[in-house]
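Asks: pasting a predicted model and its sequence here:
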Amino acid sequence: MKTKLWSLTLGNFAIGTGALIVPGMLNELSADLAVTPAAIGVVISAFAMTICVGGPFLAGWTSALERRVLLTAALLLYAVMHILAACAPGYLSLMAIRVVTAIGAALFTAQAAATAGLLVPAEQRGKAIGLVFLGWSIAAVVGMPVGAYLGAHIGWRLTIALVGGLSALFALWVWLQIPARLFVPAMDKAAWKSLYANKPLLLAISVTAIQGVGQFTLFSYIAAVLKEFIQAGPTTISVLFACFGVTGVIGNLLASRFMDRLGTTQVGLYAMGCMCLAQIFWPLTRDSLGITTLLMLLWGLGCFALNGVQQARLVEMAPALAPASVSLNSSAIYLGQALGALTGGAMISAGHLAQLSIVGAVLLALAMLVSQFAARMSRRIGVGELA
């Protein structure tokens, strides 16, 4: 069973690497395409917004497809579009290709989590979903830093083509590992209506979006910020990304281990607390590689752990609505990324690069408050959430 789950984990690794590689190569993309960092932020935002808007619709339109076919096709689309991106003649064509690429990510991320829930007993869903989302942590510890390093040394085009090749390889593994004739329960209009009437569930999903805006206001431009604050070159940026990813893996593993014991709400608060503290103290990183490293480690500890925690929390709150709520939560992840990239880009254009972390800290604190409010409301009306 773990081999099947690991195929989904590595599929998410490919998806995560493709999503994170653009922020990691922001300086190289900006220079080669002769555009500002804020313009590259628009590419990041367009990618994320496509997933946000398309995710729920795609989940409904593809609900009748068996999971093996759907997940394999999503990764193959992702692979082909990365190859095309490597050949993009200019900025606008790259943006258009990234929008289509996002369809593959929109399909795979949400449905991999839903599929994991079908492969294990109900009492093991939390751990299974956490394992699947470990792929994003691996992307952070390996894909993003290696991508940033290769982007600076062999060029962003060849680097992004390599992501395409990796996606194709893992598509084959998913096809070989996921059982045939595996389907998710169909979501009818009544189920979607029930989802939108479930206020605690919607509040829990909003936590994902709010914290995402808080993170990506800074993270979308982290390569430019590191260059500005500590004069970091490509190698230093790659190492810092690796530090971020290492604690991302550790945080994901800790969350998977403790969420069934402590409750998803509590583990989520710990994760957001780590990220909030990192952003509160971020102004101290200027001219200090040591402080920068420590705060990147702290930030990473909570970043990717929260994704799996939030998905598991939604399954616990309303198991029958899980296919829809998990899909909507995946959209919320990318909505946060899109709005964060736009917010950070607007601030940079206005000359406020140094203040990105302040906005991020405020939004992460707000997400923690909303999470607690959702948990209290859930308990008050009797929604089955572990808190």
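Replies: Structure received.
Asks: low-confidence ranges, this protein, go.
Replies: Applying pLDDT under 70 to the chain flags the ranges 1, 126, 185-188, 323, 382-387.
Asks: taking the centroid of it, which residue is nearest it?
Replies: Residue closest to the mean C-alpha point of the chain, counted by CA atoms, centre = their mean, is residue 333 at 6.0 Å.
Asks: helix or strand for that one, which one?
Replies: helix 322-349 (DSSP states H and E).
Asks: and residue 63, by the same measure?
Replies: Short version, using DSSP H and E: residue 63 is in no helix or strand.
Asks: is it true that it touches residue 192?
Replies: No: using CB atoms under 8 Å, residue 63 is not in contact with residue 192, being 11.4 Å away. C-beta: built from backbone N, CA, C; applies to glycine.
Asks: those two: which is more packed in?
Replies: Using other CB atoms under 10 Å as the criterion, residue 63 and residue 192 rank with residue 63 on top: 19 against 15.
Asks: relative to residue 124, how far out is the more buried one?
Replies: Distance from residue 63 to residue 124, counting by CB to CB, to the nearest Å: 24 Å.
Asks: could you do residue 28 as well?
Replies: In terms of CB to CB, residue 28 sits 42 Å off from residue 124.
Asks: on contacts alone, who are the packing partners of the helix holding residue 333?
Replies: helix 37-61, helix 91-119, helix 189-197, helix 199-219, helix 289-317, helix 356-381 (3 or more CB pairs under 8 Å, 6 or more residues apart in numbering; DSSP states H and E).
Asks: would you reformat the ones you listed as JSON lines and include distance to residue 267?
Replies: Putting the helices and strands packed on helix 322-349 into JSON lines (distance: least, CB to CB, whole Å) gives the following:
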{"stretch": "helix 37-61", "distance to residue 267": "24"}
{"stretch": "helix 91-119", "distance to residue 267": "17"}
{"stretch": "helix 189-197", "distance to residue 267": "23"}
{"stretch": "helix 199-219", "distance to residue 267": "13"}
{"stretch": "helix 289-317", "distance to residue 267": "5"}
{"stretch": "helix 356-381", "distance to residue 267": "11"}
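Asks: out of the ones you listed, which is closest to residue 174?
Replies: Closest approach to residue 174 among the helices and strands packed on helix 322-349 is made by helix 91-119 (8.7 Å; CB to CB).
Asks: helix or strand right after the closest one?
Replies: Later in the chain than helix 91-119, the nearest helix or strand by DSSP H and E is helix 125-138.
Asks: how far off centre is whichever helix or strand comes after that following helix?
Replies: Using DSSP H and E, the helix or strand that directly follows helix 125-138 along the chain is helix 144-153. Here helix 144-153 is found 19 Å from its chain centre; the criterion is CA atoms, centre = their mean, to the nearest Å.
Asks: now the angle from helix 144-153 to helix 125-138?
Replies: Calculated by axes from the mean of the first three to the mean of the last three CA atoms, to 10 degrees, helix 144-153 forms an angle of 20 degrees with helix 125-138.
Asks: from the contact counts, what lies against the helix or strand just after helix 144-153?
Replies: As assigned by DSSP H and E, the chain's next helix or strand after helix 144-153 is helix 156-177. Judged by 3+ CB pairs under 8 Å, 6+ apart, the packing partners of helix 156-177 are helix 2-24, helix 26-33, helix 67-86, helix 144-153.
Asks: in helix 156-177, what's buried?
Replies: By 16 or more other CB atoms under 10 Å, the buried positions in helix 156-177 come out as 156-157, 159-164, 166-168, 170-171, 173-175, 177.
Asks: same check, this time on stretch 195-209
Replies: Using 16+ other CB under 10 Å as the test for burial, stretch 195-209 gives 195, 198, 200-201, 203-209.
Asks: turn the residues you listed into JSON lines, columns for distance to residue 355.
Replies: Below are these laid out as JSON lines (distance: CB to CB, whole Å):
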{"residue": "195", "distance to residue 355": "37"}
{"residue": "198", "distance to residue 355": "36"}
{"residue": "200", "distance to residue 355": "34"}
{"residue": "201", "distance to residue 355": "34"}
{"residue": "203", "distance to residue 355": "28"}
{"residue": "204", "distance to residue 355": "29"}
{"residue": "205", "distance to residue 355": "28"}
{"residue": "206", "distance to residue 355": "24"}
{"residue": "207", "distance to residue 355": "24"}
{"residue": "208", "distance to residue 355": "24"}
{"residue": "209", "distance to residue 355": "21"}
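Asks: nearest to residue 364 among the residues you listed?
Replies: Among these, and counting by CB to CB, the member closest to residue 364 is residue 207, at 10.2 Å.
Asks: quick check: the closest one touching residue 374?
Replies: Yes: with contact defined as CB under 8 Å, residue 207 reaches residue 374; the gap is 6.7 Å.
Asks: by how many degrees do the host helix or strand of residue 261 and helix 144-153 diverge?
Replies: For residue 261, the element it lies in under DSSP H and E is helix 234-262. With the same axes, to 10 degrees applied, the angle from helix 234-262 to helix 144-153 works out at 160 degrees.
Asks: same for helix 234-262, what does it pack against?
Replies: Helix 234-262 packs on helix 125-138, helix 144-153, helix 222-230, helix 264-280, helix 289-317, going by 3+ CB pairs under 8 Å, 6+ apart.
Asks: can you rerun that using 10 Å?
Replies: Helix 234-262 sits against helix 2-24, helix 26-33, helix 125-138, helix 144-153, helix 222-230, helix 264-280, helix 289-317, with contacts defined as 3 or more CB pairs under 10 Å, 6 or more residues apart in numbering; DSSP states H and E.
Asks: can I get the ones you listed in JSON lines with mean neighbour count and distance to residue 59?
Replies: Shown next, in JSON lines, are those (neighbours: other CB atoms under 10 Å; distance: least, CB to CB, whole Å):
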{"stretch": "helix 2-24", "mean neighbour count": "24", "distance to residue 59": "16"}
{"stretch": "helix 26-33", "mean neighbour count": "19", "distance to residue 59": "30"}
{"stretch": "helix 125-138", "mean neighbour count": "27", "distance to residue 59": "16"}
{"stretch": "helix 144-153", "mean neighbour count": "23", "distance to residue 59": "27"}
{"stretch": "helix 222-230", "mean neighbour count": "22", "distance to residue 59": "31"}
{"stretch": "helix 264-280", "mean neighbour count": "23", "distance to residue 59": "22"}
{"stretch": "helix 289-317", "mean neighbour count": "25", "distance to residue 59": "13"}
